[in-house]
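Colleague: A structural model of the following input is requested.
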Amino acid sequence: MASNHQTDRRKEERSLHSGAIEISFEDPNPVMVKADLIEISTRGFRAAHDATSLAPGLEVHYAGTSSSGRARVIWTHVLEGRCVSGFLILASPL
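Modeller: Alright, predicted model coming up:
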């Protein structure tokens, strides 16, 4: 019998999180994006922003109140008129 639910296949536990985060990259000039954290895990995070330039595959630097480092944009889509992106953390300072 078919089920209408989609099973959450994510392996890592996520926690809802709010707060400001700055995302920067070169395009070729420096670009700074102010974003709002939505959720975090040990290997990534999701953030809402207004930048259509955060495309999948782009490597960025991020800085928030509790962490900073490098990440890769995995996906971006528009949700209720605002962009939402998922990021994979590549490196964070020790």
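Colleague: drop to CA atoms for contacts and neighbour counts, all remaining ones
Modeller: Noted.
Colleague: I'd say residue 36 and residue 45 touch.
Modeller: No - under the criterion of Cα atoms under 8 Å, residue 36 makes no contact with residue 45, lying 10.6 Å away.
Colleague: neighbour count for these two, which is higher?
Modeller: Between residue 36 and residue 45, residue 45 has the larger neighbour count (other Cα atoms under 10 Å), namely 21 against 17.
Colleague: tell me which element residue 36 falls in.
Modeller: strand 30-40 (DSSP states H and E).
Colleague: list the buried ones in that strand?
Modeller: The neighbour-count check on strand 30-40 (16 or more other Cα atoms under 10 Å) flags 34-40 as buried.
Colleague: and for stretch 53-62?
Modeller: Those would be 54, 58-62, for stretch 53-62 by 16+ other Cα under 10 Å.
Colleague: which among these gets closest to residue 75?
Modeller: residue 54 (8.7 Å; Cα to Cα).
Colleague: burial count for residue 52?
Modeller: Residue 52 is flanked by 13 other residues according to other Cα under 10 Å.
Colleague: for this structure, what are the low-confidence residue spans?
Modeller: For the chain, the stretches flagged by pLDDT under 70 are 1-18, 92-94.
Colleague: if we go to 50?
Modeller: The model of the chain has pLDDT under 50 over residues 1-3, 8, 94.
Colleague: what ranges does it have for its strands?
Modeller: Counting by DSSP state E, the chain has strands at residues 15-16, 20-26, 30-40, 44-49, 59-64, 68-79, 82-91.
Colleague: of the ones you listed, which stretch is the most buried?
Modeller: A comparison of these by mean neighbour count, using mean count of other Cα atoms under 10 Å, puts strand 44-49 on top with a mean of 21.
Colleague: tell me the angle it makes with strand 30-40.
Modeller: Interaxial angle, strand 44-49 versus strand 30-40 (axes from the mean of the first three to the mean of the last three Cα atoms, to 10 degrees): 120 degrees.
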